[in-house]
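A.B. asks: Structure for the following, please:
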Amino acid sequence: MVKLLVGLAGLALATSAQAQIWTEVGDADELAAQVTLGTGPLLEIRGSTSVASGDLTGVDLYKIYVRDWTAFSASLAGATWDTQLFLFTSAGMGIACNDDTGGLTSTLPVGNALYAGRTGPEKVMIAVSGYNRDPVSAGGLIFPNTFSGVHGPTGVGGGSPLSGWTGTPARGDYVLRLTGCEYWVPAPGATALLGLAGLIAGRRRR
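C.D. replies: Have a look, this model is predicted:
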């Protein structure tokens, strides 16, 4: 029985490892954020901000888990439309943003001082939007409205959490590539099976 459970757990983990990709389910809400669910590294998020996909806001916000800030990066390289990336704490406080990096696409590169020095693993939120759809708090724009470079929350509203978005966005499909990240919530299947196998094995040893 233990061997069977461990085998099933291993199969679940192996299946997850073959596809470390989260595909947007419906519309990732611009404020509530969509929880990513899976096991192991999260390498890609695939979605769309197009009206045809059912997105009415032009923003997709996701909840992810940064395992290693020194290895963290996020990139929309390859997108054919004018993208933006915004990174927030789980409480909605701004961390970093990028509009354009060498063209119309957006990147938060490995090692940037705005986040590489953050201590320990952390649950965060990351948003994909099109120019000029920007995050605001009760005080105003959270990030500066600039076209290039990686910036911290130095806008007039940067001292308060995310409460909305402003501006009319560009729209399109995207693949958000990530490093140093995992899913926000572990997939229950493999975790539960491994736990049950361990419990049974422990009882047999008594």
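A.B. asks: From the structure, what's the count of residues near the nearest residue to residue 148 once chain neighbours are set aside?
C.D. replies: Nearest residue to residue 148 in three dimensions, chain neighbours excluded: residue 100, at 5.3 Å (C-beta to C-beta, 6 or more residues apart in numbering). Just so you know, the C-beta spots here come from the backbone N, C-alpha and C atoms, and that holds for glycine as well. A total of 17 residues lie near residue 100 under the criterion other C-beta atoms under 10 Å.
A.B. asks: Tell me who's in contact with residue 23.
C.D. replies: By C-beta atoms under 8 Å, 6 or more residues apart in numbering, the contact list for residue 23 reads 45, 46, 47.
A.B. asks: Closest one of those residues to residue 96?
C.D. replies: Distance to residue 96, by C-beta to C-beta, is smallest for residue 45 among the contacts of residue 23, at 17.1 Å.
A.B. asks: Can I take it that the closest one is in a helix?
C.D. replies: No - secondary structure of residue 45 (DSSP: H, G, I helix; E, B strand; the rest coil): strand, not part of a helix.
A.B. asks: so where's the chain uncertain?
C.D. replies: Within the chain, the segments meeting pLDDT under 70 span 1-19, 102, 188-206.
A.B. asks: Next SSE downstream of whichever strand or helix holds residue 136?
C.D. replies: Per DSSP states H and E: residue 136 is located in strand 134-137. Following strand 134-137 in sequence order, the next helix or strand is strand 140-141 (DSSP H and E).
A.B. asks: quick one, helices of the protein?
C.D. replies: 2-18, 188-205 (DSSP state H).
A.B. asks: quick one: which of the contacts of residue 23 is most hemmed in?
C.D. replies: Counting neighbours by other C-beta under 10 Å, residue 45 leads these with 25 neighbours.
A.B. asks: separation between that one and residue 76?
C.D. replies: 10 Å (C-beta to C-beta, to the nearest Å).
A.B. asks: Find residues that contact each of the two.
C.D. replies: Both residue 45 and residue 76 are contacted by 128, 175, 176, under the criterion C-beta under 8 Å, 6+ apart.
A.B. asks: Does the last one touch residue 48 like I think?
C.D. replies: No - with contact defined as C-beta atoms under 8 Å, residue 176 and residue 48 do not form a contacting pair (11.4 Å).
A.B. asks: if you count what's nearby, which of the two comes out ahead?
C.D. replies: residue 176 (26 against 18).
A.B. asks: ok, that one - contacts?
C.D. replies: 44, 45, 46, 47, 74, 75, 76, 85, 126, 128.
A.B. asks: need the contacts of residue 23 in JSON lines with distance to residue 25, can you?
C.D. replies: Listed next are those as JSON lines, based on distance: C-beta to C-beta, whole Å:
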{"residue": "45", "distance to residue 25": "11"}
{"residue": "46", "distance to residue 25": "11"}
{"residue": "47", "distance to residue 25": "9"}
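A.B. asks: which one of those residues is nearest residue 150?
C.D. replies: residue 45 (19.2 Å).
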